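Chemist: sequence and predicted structure are below.
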Amino acid sequence: MQLEFYKYQGTGNDFVMIDNRSDFFPKENTQLIAHLCDRRFGIGGDGLILLENDTTTDFKMVYYNSDGNQSSMCGNGGRCLVAFAKKLNVIQNDTTFIATDGLHHATIEDDGLVSLQMIDVAEVKVSSDHVFLNTGSPHHVQLVDDLENYNIKENGAAIRYGDLYGKAGSNINFVKQIDDTTFSLRTYERGVEDETLSCGTGATAVAIAMNVLGKTDASSIDLNVEGGKLVVSFDKKEGQFTHVFLKGPAEFVFKGTIEI
């Protein structure tokens with residue numbers, strides 16, 4: 001069978017996109033999904049995303065990590081799926097869709113940047129050397145010295161597989177403050193089991209964590225990721241973060257077919 005796919009990337013976080021509105025894709029075939037995400041033997045991507053029909057919203061997002069397993073929310077993937085939905089003429093510049101963590105609203109701006117509303121965050125756990133919160137996916141946030149030379153894969157894996165998070169694990173973000181409103185981060189992603197060039201839910205987690213720690217009082221924060229720049233904005237009231245938006249580029253790379 002010939003499978004038609006589209007490749008998208010958001011600040012270097014890349015995804016295999018499939019239009020599954022006719023419900024033909026073998027969704028339980030973990031081995032196939034992992035193969036399609038393989039950079040040497042397949043198409044290559046940090047994840048695979050299905051765009052499906054939904055009865056109450058514009059479309060449904062089904063996200064798989066590159067290990068082939070269905071996973072929690074992916075912020076950059078959500079933004080790329082919005083761009084993909086527009087390319088398919090499913091939407092124009094404004095949309096509401098459903099994902100594993102609930103409803104998401106998104107807009108495509110005149111310059112092509114996609115702004116995606118993330119879930120509200122009410123619980124942020126602050127420890128002596130890190131912060132933990134869920135922004136649609138679980139995230140460990142930790143400030144480090146010498147971020148540029150920090151061994152992300154080794155240190156990230158040690159925390160992800162350590163006693164702190166047990167079998168479920170967590171995504172691990174290492175952070176450096178640049179100025180009052182700007183932070184750089186590098187992320188070890190659960191399910192990819194390596195550093196990725198960008199993580200949208202991770203950038204969202206870092207922005208909120210840095211506000212909670214008092215490193216910034218800004219409500220719009222610039223995030224430098226390895227693959228580019230993202231902006232996270234939010235409203236904060238009595239320790240709760242609402243109207244959380246992740247904004248950045250979401251770009252079509254190429255289209256193709258592969259025999260499966």
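Modeler: Nice, I can see it. Numbering: from 1, shown residues only.
Chemist: switch to C-alpha atoms for all contacts and neighbour counts from now on
Modeler: OK.
Chemist: which residue, other than its chain neighbours, is closest to Glu109?
Modeler: Nearest non-adjacent residue to Glu109, counting by Cα to Cα, 6 or more residues apart in numbering: Asn93, 7.2 Å away.
Chemist: ok, how many other residues are close to the one you found?
Modeler: Residues lying near Asn93 (other Cα atoms under 10 Å) number 15.
Chemist: give me every residue that touches it.
Modeler: By Cα atoms under 8 Å, 6 or more residues apart in numbering, the contact list for Asn93 reads 86, 107-109.
Chemist: may I see those residues organised as TSV, with pLDDT and secondary structure added?
Modeler: Formatted as TSV, the contacts of Asn93 follow (pLDDT from 0 to 100; DSSP: H, G, I helix; E, B strand; the rest coil):
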residue	pLDDT	secondary structure
Lys86	98	helix
Thr107	98	strand
Ile108	98	strand
Glu109	97	coil
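Chemist: C-alpha coordinates for the host helix or strand of Val206, CSV please?
Modeler: According to DSSP states H and E, Val206 maps onto helix 200-212. The C-alpha trace of helix 200-212 is given here as CSV (Å, rounded to 0.1, in the frame of the first residue of the first chain):
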residue,chain,number,x,y,z
GLY,A,200,6.6,23.2,22.7
THR,A,201,5.2,21.9,25.9
GLY,A,202,8.7,22.1,27.3
ALA,A,203,9.1,25.8,26.3
THR,A,204,5.7,26.4,27.9
ALA,A,205,6.8,24.7,31.1
VAL,A,206,10.0,26.7,31.3
ALA,A,207,8.2,30.0,30.9
ILE,A,208,5.8,29.2,33.7
ALA,A,209,8.5,27.7,35.9
MET,A,210,10.7,30.7,35.6
ASN,A,211,7.8,33.0,36.5
VAL,A,212,7.0,30.8,39.6
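Chemist: packing partners of it?
Modeler: The contact analysis (3 or more Cα pairs under 8 Å, 6 or more residues apart in numbering; DSSP states H and E) places helix 200-212 against helix 75-87, strand 131-134, strand 138-143, strand 171-179, strand 182-189, strand 220-225, strand 228-237, strand 240-248.
Chemist: 7 Å instead?
Modeler: Packing partners of helix 200-212 (3 or more Cα pairs under 7 Å, 6 or more residues apart in numbering; DSSP states H and E): helix 75-87, strand 138-143.
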